[in-house]
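J.: how would this look folded up:
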Amino acid sequence: MKLIAGYPFSLIRYGLPFNYPLLDADIATDVVIIGGGISGALMAYHLLKENIDCIVIDGRTIGLGSTCASTSLLQYEIDTPLSELEKKIGKNSAVTAYKLCGDAIDKLGEISEKIGLNEFERKESLFYAEFKKDDAFLKKEYQVRKENGFDVQLLDETAIQSSFHFKSSSAILSAKAAQTNAYCYTHALLQYSIKNNLRVFDRTRAEKITDGPKGINIKTNRGNSIKAKKIIYANGYEAVGYINKKIVDLTSTYAVCSEQLTDEMIRMSKNALLWSTGDPYLYMRLTEDNRILIGGKDEKYNNPVKRDKVIEKKSRQLVSEFKKMFPGAEFIPEFSWAGTFGSTKDGLPYIGKYKKAGNSYFALGFGGNGITFSLIAAEILSNELKGKSKITNIFSFDR
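T.: Residues are numbered from 1 along each chain as shown. Now for the predicted structure:
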């Protein structure tokens with residue numbers, strides 16, 4: 001599956017920082033992780049913490065799937081608002097899911113310090129009304145979050161204009177959020193883990209996977225064999241091919257990044273991630289080197305040819321939306337790209353076994369919270385394989 005197109009900012013800026021070998025011999029391990037993006041890297045890190053021997057394989061060069069196209073906003077807010085998620089899965093489960101995402105942000109910050117990653121910044125998150133009619137919804141959402149202990153404020157038009165320099169009738173300001181660079185984070189994690197005996201192979205595609213009573217056997221594209229006790233699929237949307245029921249809707253999403261700006265040229269707040277109540281929603285942030293990054297304008301198709309033809313058009317639309325919010329602000333687009341994005345019925349990931357039998361596990365962090373979901377999946381599955389805890393039903397295939 002062709003997951004991205006165009007010129008993702010992270011890939012252009014950082015290039016290919018490390019080389020990884022392809023697998024050219026037979027190999028054995030306790031756990032084989034399919035997918036060398038941010039999900040697979042976090043999974044390997046946590047398995048090694050539990051002293052579980054593992055390897056990572058990826059059919060592409062490391063990081064060149066969805067990871068390099070990620071806009072890397074870290075929020076506890078799930079694509080499904082808390083007030084709506086409660087109706088879908090119950091209050092306790094909904095609040096638990098939101099709090100797990102909040103905890104994941106803190107843990108991602110702790111890991112970034114441990115592995116020496118500089119690209120992690122604490123931020124606030126502003127969820128603003130795209131239309132006046134959204135005020136009632138935001139007030140209800142604010143009340144539900146406040147009642148459940150989330151650090152939020154409900155802002156009116158005056159406060160938004162004063163602090164964030166654009167017009168909106170209302171917004172929820174969340175104290176906890178962050179931003180990172182998923183591409184750099186992935187490489188930093190893998191390099192750290194390699195020093196702790198992780199083996200990583202890219203350009204190594206699993207052509208045939210057999211999950212039998214004696215464990216996992218994989219035949220690669222070069223004819224080599226991988227034997228393992230367990231397999232974890234951390235390859236995102238491509239893992240859908242191993243599941244014979246519909247769990248995700250694939251969508252085309254777009255992003256654009258500006259030329260580097262001086263401090264005087266920046267009109268938007270440097271301290272907050274912005275995202276709207278629209279459907280699809282618009283979101284934006286400032287990069288660490290003073291570029292404005294905007295994403296959105298999703299389309300409900302996943303045809304790569306159709307998706308890629310409109311990158312330039314979608315880029316213009318995103319820039320236009322920014323200039324409507326910040327009249328007179330300068331935004332000269334430099335990089336634009338498209339990617340495949342997935343959404344689930346409740347906005348939650350799928351983590352755990354697809355079938356009760358077998359040795360296969362899945363860490364599928366669909367939606368706008370892919371990175372925080374990946375951290376949650378890594379904790380859940382590493383604990384499960386170590387026998388420490390059972391997988392929560394909140395993210396199971398049977399929910």
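J.: alpha carbons only for contacts and neighbour counts from here, please
T.: OK.
J.: what's in contact with the helix or strand bottoming out on mean pLDDT in the chain?
T.: Using mean pLDDT, DSSP states H and E, strand 4-6 stands out as the lowest-scoring helix or strand of the chain, at a mean of 88. Here strand 4-6 makes contact (CA atoms under 8 Å, 6 or more residues apart in numbering) with 65-66, 69, 308, 311, 335-340.
J.: burial count for the closest residue to Gly65 other than its chain neighbours?
T.: In this structure, Gly65 finds its nearest non-sequential neighbour in Leu3, 6.1 Å apart by CA to CA, 6 or more residues apart in numbering. Residues contacting Leu3 under the criterion other CA atoms under 10 Å number 18.
J.: Gly223 now?
T.: When counting by other CA under 10 Å, one arrives at 16 neighbours for Gly223.
J.: Next one: the nearest residue to Glu207 once chain neighbours are set aside relative to Thr372, how far apart?
T.: Excluding its sequence neighbours, the residue lying closest to Glu207 (CA to CA, 6+ apart) is Thr220, at 5.1 Å. Thr220 sits 30 Å away from Thr372, going by CA to CA, to the nearest Å.
J.: give me the low-pLDDT residue ranges for the stretch 151-300 of the chain?
T.: Scanning the stretch 151-300 of the chain for pLDDT under 70 picks out no residues.
J.: can you pull out the strands in it?
T.: 152-156, 170-180, 199-201, 206-212, 215-220, 225-233, 249-258, 272-276, 283-286, 292-299 (DSSP state E, counting those that start in this stretch).
J.: Could you do the stretch 1-150 of the chain as well?
T.: Ranges of strands within the stretch 1-150 of the chain are 4-6, 27-34, 54-57, 73-75, 120-128, based on DSSP E, counting those that start in this stretch.
J.: For the chain, which segments are assigned as helices?
T.: Remark: helices assigned in the chain by DSSP state H are 9-14, 38-49, 82-89, 91-115, 135-147, 157-164, 182-194, 304-309, 311-325, 370-386.
J.: From the contact counts, what lies against the first one?
T.: With contacts taken as 3 or more CA pairs under 8 Å, 6 or more residues apart in numbering; DSSP states H and E, helix 9-14 sits against helix 182-194.
J.: quick revisit: roughly how far out does the least confident helix or strand of the chain sit from the chain middle?
T.: With CA atoms, centre = their mean, to the nearest Å as the basis, strand 4-6 stands 17 Å off its chain's centre.
J.: can you pull the buried residues of that strand?
T.: By neighbour count with 16 or more other CA atoms under 10 Å, strand 4-6 contains the buried residues 4-6.
J.: Please name the strands paired to that strand in the sheet, noting orientation.
T.: Using DSSP bridges, the strands paired with strand 4-6 are strand 333-343 (antiparallel).
J.: For the strand it pairs with, give me every contacting residue.
T.: 3-9, 66, 69, 237, 248-259, 302, 307-308, 311-312, 315, 319, 366-367.
J.: Buried subset of these, written for ChimeraX?
T.: The ChimeraX command for the buried members of the contacts of strand 333-343 (criterion: 16+ other CA under 10 Å) is given here:
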select :3,4,5,6,7,8,9,66,69,237,248,249,250,251,252,253,254,255,256,257,258,259,302,307,308,311,315,319,366,367
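J.: hmm, back to that, which residues touch the residue nearest to Glu207?
T.: By CA under 8 Å, 6+ apart, the contact set of Thr220 is 204-208, 226.
J.: Which among the residues you listed count as buried?
T.: Buried by 16+ other CA under 10 Å: 204-206, 226, out of the contacts of Thr220.
J.: Among those, which one lies nearest to Pro21?
T.: Comparing the buried ones among the contacts of Thr220 against Pro21 with CA to CA picks out Thr204 as the nearest, at 8.9 Å.
J.: who's in contact with the nearest residue to that closest one once chain neighbours are set aside?
T.: Spatial nearest neighbour of Thr204, excluding adjacent residues (CA to CA, 6+ apart): Gly59 at 4.6 Å. Neighbour list for Gly59: 35, 202-206 [criterion: CA under 8 Å, 6+ apart].
J.: Columns distance to Ile172 on top of the residues you listed, output as CSV?
T.: CSV is the format used below for those (distance: CA to CA, whole Å):
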residue, distance to Ile172
Gly35, 36
Asp202, 42
Arg203, 44
Thr204, 45
Arg205, 44
Ala206, 45
